[in-house]
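Novice: Sequence first, predicted coordinates after that:
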Amino acid sequence: MAPKQLVSLGHGKNKLRGLKRVPRSSLNEGRSGRLFRRLDPAPELPAKKLRELAESMREPKGSGGKLDNPKIPSGYTYFGQFIDHDLTFDPVSSLQRKNDPDALVDFRSPRFDLDSVYGSGPEDEPFLYVQPGRQRLVIDPKNVKGEPDLQRNSDGVALIGDPRNDENIIVGQLQLIWLRFHNKVVDKVSADKSVAEERRFEVAQRLVRWHYQWLILNDFLPRVVGPDPLKNRVKQTKDGVAIDTRWFAPKNDLFMPVEFSVAAYRFGHSMIRPSYDLNNIVTDRPVFIPGEKVGELDDLRGFRPLPGAWTIDWSHFLDGAPGKAAKPQLSRKIDAHLSPGLFDLPGFPNAESSLAFRNLKRGEALGLPSGQDVAELMGLKPLTGKKLGAPEPTPLWFYILKESGLGGGGHLGPVGGEIVADVMLGLLREDNHSFVNQNPKFKPSLGSKAGKFELADMVKFAFS
Ligand code: HEM
């Protein structure tokens, strides 16, 4: 039988299906739900207008450094994508899912638990783990080009917890680093004689997950939402960290709010640069170039073995990571501009290959409220369509990006920041296994300075 991931589709490879149906269950549970249940869907725009709006987001030629975000190195863009896959991954087989077409039953709650790394665990997916012992995760130490890569089958398909983490070369290499990081943590735990052998995996996995959650809370979120939405939500008390939310309060099971997954958290699409240096040798490589018949070295599309000399030098992506770059490449600003390659996504028919159009259309299909309605509900003065350069009422995803751009693009603006902070913090608080509940005084121990831990520290530890 084919392993599960072979039948899964890549990040967003789902066809634009079900776009005419707007499921609005009376429950706010199930795999997806709504944050703002009382708001009506924004009126649909004629297809031509929607395409024009999508097209207006194409980054102007020659804008170069003006669109760079001096505050966020480009490694965080792909950490953002990696987090999205962790939250939205559903390891339950599609057969089971078909029994619940409206997704009203919760098969798997969105949690920061790295199931994209661990799959459904050593018992269920033993091929992800090194035998015997099944404590370490499998890495191909030397692929056909002689460099470490994700393990792959004979068709080049990555055998990993979530196939979407092979969607482009950068997220694929980040997946590899997380596998390395886990294996290094297993080494560390194994050296501790007080941990019984049969508990090593569990102890290592918990340490990895808590460091990952710490990164999200203390490194990623402050960078992407800025300080304001965190001020009243995250408190350090004598008992450790405590979290409050304003909008996201699931009554029973955790769910994924569509305002987050279909609009606000897609802010990361605007952070993608048109091209990247992977290391000192492989430079200025476009993310995607149009067409299916491209040479192996032409762009950074994934779902294939790592080409020779393409191992990422992480100092090109993160301040303080080991490597040869004097400074990292920056992410693009969070604004209403997308890199040209994202208008020709590989693997999609022409009419469906614009990521901007897909996001706007998906927002309509899921009946998202307009940006203005959400702003008003939040007690903010809504930005007009004129100010945004868009039809009013304005699609939520566009509103959030333009709002951020008008504020300088360094981090999300008031509406986007509220949604992203509220949902991510809420998910952390509602997860009984997160460090926030299990050990709120937890401090990271794997960074270079006690109590500090940034993404570059994770990379350093993985290479230690
Ligand atoms: C080169 C990098 C990326 C590519 C090519 C990409 C592409 C896509 C595509 C094609 C979709 C599905 C669109 C649809 O049909 O609805 C999607 C969904 C999504 N993307 Fe990305 N994306 C990238 C990076 C990111 C980043 C950096 C973030 C956030 C920081 C992000 C967040 C999301 C979210 C939340 C979704 C919806 C949930 C899902 O299906 O995974 N993506 N992306």
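Specialist: Nice, thanks for sending it over.
Novice: From the contact counts, what lies against the strand with the most length in the chain?
Specialist: Across the chain, the longest stretch assigned as strand under DSSP state E is strand 68-73. If you count contacts as 3 or more Cβ pairs under 8 Å, 6 or more residues apart in numbering; DSSP states H and E, strand 68-73 packs onto helix 221-225, strand 330-332. In short, each C-beta sits where N, CA and C put it, glycine included.
Novice: which one of these lies closest to residue 457?
Specialist: Taking Cβ to Cβ, helix 221-225 is the member of the helices and strands packed on strand 68-73 nearest to residue 457, at 14.7 Å.
Novice: for the ligand, what are the nearby residues on the stretch 301-450 of the chain?
Specialist: With Cβ under 6 Å from any ligand atom as the criterion, the stretch 301-450 of the chain meets the ligand at residues 345, 355, 358-359, 362.
Novice: ok, so of those, who is nearest residue 283?
Specialist: Distances from residue 283 to these, taken by Cβ to Cβ, are shortest for residue 345, at 23.2 Å.
Novice: element containing that closest one?
Specialist: Using DSSP states H and E, no element contains residue 345; it sits outside every helix and strand.
Novice: Ok, residue 203 next?
Specialist: Assigned by DSSP H and E, residue 203 belongs to helix 200-215.
Novice: What lies in contact with that helix?
Specialist: With contact meaning Cβ atoms under 8 Å, 6 or more residues apart in numbering, helix 200-215 is reached by 79, 112-114, 117-118, 122, 134-135, 178, 181-182, 185-186, 188-190, 195, 428, 433-436, 438-439, 442, 444-446, 453-455, 458.
Novice: Inside strands: which ones of the residues you listed?
Specialist: Judged by DSSP E, strands contain none of these.
Novice: check contacts around residue 400.
Specialist: Residue 400 neighbours (Cβ under 8 Å, 6+ apart): 263-264, 267, 371, 412-413, 415-416, 419.
Novice: Give me the subset of those residues that lies in helices.
Specialist: Per DSSP state H, helices hold the following members of those: 371, 415-416, 419.
Novice: PyMOL command for the buried members of the residues you listed?
Specialist: Entered in PyMOL, the line below selects the buried ones among these, by 16 or more other Cβ atoms under 10 Å:
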select buried, resi 371+415+416+419
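Novice: residue in the stretch 51-200 of the chain nearest to the ligand?
Specialist: The minimum distance from the stretch 51-200 of the chain to the ligand, using Cβ to the nearest ligand atom, falls at residue 80 (2.6 Å).
Novice: next one: phi and psi at the closest residue to residue 346 other than its chain neighbours?
Specialist: Leaving aside its chain neighbours, residue 346 sits nearest to residue 301 (5.0 Å; criterion: Cβ to Cβ, 6 or more residues apart in numbering). Backbone torsions of residue 301, given as degrees, to the nearest 10, read phi -60, psi 150.
Novice: Use 54 as the first number for this chain going forward.
Specialist: Done: numbering now begins at 54, and the last item shifts to residue 354.
Novice: Report the buried residues of the longest helix along the chain.
Specialist: Secondary structure of the chain per DSSP H: the longest helix is helix 222-243. Buried residues in helix 222-243, counted by 16+ other Cβ under 10 Å: 222-239, 241-243.
Novice: Just list what it packs against, helices and strands only.
Specialist: When contacts are defined as 3+ Cβ pairs under 8 Å, 6+ apart, helix 222-243 sits against helix 128-141, helix 168-171, strand 192-193, strand 202-203, helix 253-268, helix 508-515.
Novice: Tell me what the residue nearest to residue 399 is bridged to.
Specialist: For residue 354, the beta-bridge partners are residue 221 (DSSP bridges).
Novice: Over to residue 190?
Specialist: Beta-bridge pairing for residue 190 (DSSP bridges): residue 182.
Novice: How much space separates it from residue 169?
Specialist: From residue 190 across to residue 169, the span is 11 Å (Cβ to Cβ, to the nearest Å).
Novice: and the angle from the helix holding residue 256 to helix 128-141?
Specialist: 120 degrees (axes from the mean of the first three to the mean of the last three Cα atoms, to 10 degrees).
Novice: Now do the buried residues in helix 253-268.
Specialist: Applying 16+ other Cβ under 10 Å to helix 253-268 flags 253-254, 256-268 as buried.
Novice: closest to residue 302 among the residues you listed?
Specialist: residue 266 (19.8 Å).
Novice: Please tell me how far the closest one sits from the ligand.
Specialist: 17 Å (Cβ to the nearest ligand atom, to the nearest Å).
Novice: what about stretch 201-212, start to end distance?
Specialist: 14 Å (Cα to Cα, to the nearest Å).
Novice: Now that stretch: buried residues?
Specialist: So stretch 201-212, judged by 16+ other Cβ under 10 Å, has buried residues 202-205, 210-212.
Novice: Residue ranges in the protein under the pLDDT threshold?
Specialist: Within the chain, the stretches with pLDDT under 70 are 54-83, 142-162.
Novice: Narrow the contacts of helix 253-268 to those that are buried.
Specialist: Buried members of those, counted by 16+ other Cβ under 10 Å: 132, 165-167, 170-171, 175, 187-188, 231, 234-235, 238-239, 241-243, 481, 487-489, 495, 497, 499, 506-508, 511.
Novice: show me what contacts residue 378?
Specialist: 330, 333, 366, 368-369.
Novice: Now do the buried residues in stretch 364-381.
Specialist: Residues of stretch 364-381 classed as buried by neighbour count (16+ other Cβ under 10 Å): 364-371, 373-374, 376, 378, 381.
Novice: Grab the nearest non-local neighbour of residue 501.
Specialist: Among residues not flanking residue 501 along the chain, residue 510 sits closest, at 5.8 Å (Cβ to Cβ, 6+ apart).
Novice: same question, residue 98
Specialist: residue 444 (6.0 Å).
Novice: so how far is residue 102 from that neighbour?
Specialist: 6 Å.
Novice: quick one, which of the two is more surrounded?
Specialist: Using other Cβ atoms under 10 Å as the criterion, residue 444 and residue 102 rank with residue 444 on top: 18 against 13.
Novice: Just the element for residue 282, please.
Specialist: Residue 282 belongs to helix 281-284, assigned by DSSP H and E.
Novice: So which bits of that helix are buried?
Specialist: Counting neighbours by 16+ other Cβ under 10 Å, helix 281-284 gives 282-283 as buried.
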